[in-house]
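Q: Turn this into a model:
(one chain, ligands or ions: 1)
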Amino acid sequence: MTKIPNVYNAEPIPEAALEAVTQLLSSADLFRYTAPENAPVSLLEQEFAEMMGTKFALAVSSCSAALFLSLKALDLPREARVLIPAFTFAAVPSAVVHAECIPVLVECNDNYRINMDDFAAKLPDADAVLISHMRGHTSDMDAIMALCDAAGIPVVEDAAHSLGTTWNGRKIGTIGKIGCFSFQSYKMINAGEGGILITDDADLVARAIIMSGAYEHMWTKHAIPTEAMERWQNLLPLYNLRLSNLSAAIIRPQLPELARRVRDGLRNHDHVAARLNTSPNLDVPAPLSAEKRAPDSIQFNLVDMNDEQVDAFAKLTAERGMKVQIFGKSVDNARAFWNWQFLGDTPELPTTRTMLMRACDVRLPARLTVEECDVIADIILGAAQSVASQSAA
Ligand SMILES: *Cc1c(COP(=O)(O)O)cnc(C)c1O
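A: All right, here's what the predicted structure looks like:
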């Protein structure tokens, strides 16, 4: 019988990383700006930009750092209002606060995507928009870009969980002015920590390069027009959010693995989704029609269950060895907006709150086999059925 998989275990790092790391340990050349050229971080930036089809990439210490630098690069005034979805990870409003801006939370629907009516209503008072494609669920980028372009409001994409996702064939992260990605261990490419931002705008990336910690003339080691860099020389603070060569050496050999991981992740997700959708008590929302996803987890809603049944479902899955997290039910969940108390008074957002009280989260990494996915689906389906039949009796 197939064992219950540990969904937090990572896939082994490709062997090529070992050689690159060994070389770095013997040269001890860990700082990205020491070598005159071809430092692993610089090579990563070139390879990532090429893979995404963008002009520029800047590798940094995390996706949160990339989000923060993106907002700083936009040169927003202090206390600028930045729209973010109310369903996201606490790091996103935190990046906005870090950039001395004010996050304005927008309602999300029970398909986990931005509610466009609330978005359109809040846009007139906004200075920038940060679209977090939470858990890789893409909001309606056509509608968002049309509204933002008409209003002249810049869009940053938090694509931390969307590497490999496309929208009408376009890569997510290339639709807004800047796209940000994460190399934290629970994302498609795992370096423990790390992030990268991409853009076609030379001035934006020039500003981000300096603020990331390219002091003095370190920027000469970036492939970027000199005029753009000279415009900002000595005018910007240095936040020192650089990536280490060690991390880049671990990331680079994983780039060729991405297509396979995306393919297997989607296979696993769609297999489990089809099975869960056979239950009257479980609903996996469909992707939007323009969207081709790259999931490494699955989200589904509990349907026609009262609070007690929801609690019983969570308890049963845990007892049976596959803990299902219900975003709004698990204590201190960093994805439940009412726990972002660092914002002061969090707003009342009934649509998002209702969704979070029924939305479940299960990791489904690409490395799982279909048999292992079936074990997970069996536990979830079995628990839903037990809870439904108990309360019917
Ligand atoms: C993981 C994640 C982040 C934060 O990424 P870090 O690299 O850990 O800073 C931000 N947004 C979303 C949607 C994420 O999934």
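Q: okay, now residue 259: neighbour count?
A: Residue 259 has 12 neighbouring residues, counting by other C-beta atoms under 10 Å. Just so you know, the C-beta spots here come from the backbone N, C-alpha and C atoms, and that holds for glycine as well.
Q: Not counting sequence-adjacent ones, nearest residue to it?
A: Nearest residue to residue 259, sequence neighbours excluded (C-beta to C-beta, 6 or more residues apart in numbering): residue 164, at 7.6 Å.
Q: who's in contact with that neighbour?
A: With contact taken as C-beta atoms under 8 Å, 6 or more residues apart in numbering, residue 164 is in contact with 188, 258, 259, 261, 262, 265, 294.
Q: cutoff 6 Å now
A: By C-beta atoms under 6 Å, 6 or more residues apart in numbering, the contact set of residue 164 is 258, 262, 294.
Q: taking those one by one, which sit in helices?
A: By the criterion of DSSP state H, membership of those in helices covers 258, 262.
Q: and which of the contacts of residue 164 is nearest the ligand?
A: Ranked by distance to the ligand (C-beta to the nearest ligand atom), these are led by residue 294 at 12.5 Å.
Q: buried stuff in the lengthiest helix in the chain?
A: The residue-count maximum for a helix in the chain (DSSP H) belongs to helix 370-392. Neighbour counts using 16 or more other C-beta atoms under 10 Å place 372-377, 379-381, 383-384, 387-388 of helix 370-392 among the buried residues.
Q: can you tell me if stretch 120-131 touches the ligand.
A: No. If you take C-beta under 6 Å from any ligand atom as the test, stretch 120-131 misses the ligand, and the best it gets is 9.7 Å.
Q: Which single residue in the stretch 251-393 of the chain comes nearest to the ligand?
A: For the stretch 251-393 of the chain, C-beta to the nearest ligand atom, closest residue to the ligand: residue 335, 9.0 Å.
Q: So that residue, which state does it fall into?
A: coil (DSSP: H, G, I helix; E, B strand; the rest coil).
Q: Please name the nearest non-neighbouring residue to it.
A: Residue 335 sits nearest to residue 327 (C-beta to C-beta, 6+ apart), 5.1 Å away.
Q: Same question for residue 347.
A: residue 105 (5.8 Å).
Q: Sheet partners, orientation included, of the helix or strand encompassing that neighbour?
A: Taking DSSP states H and E as the criterion, residue 105 maps to strand 102-106. In the sheet, strand 102-106 lines up against strand 81-85 (parallel) (DSSP bridges).
Q: which element follows the strand it pairs with toward the C-terminus?
A: helix 91-98.
Q: for the ligand, what are the nearby residues on the protein?
A: 62-64, 88-89, 91-92, 132, 134, 158, 160-161, 182, 184, 195.
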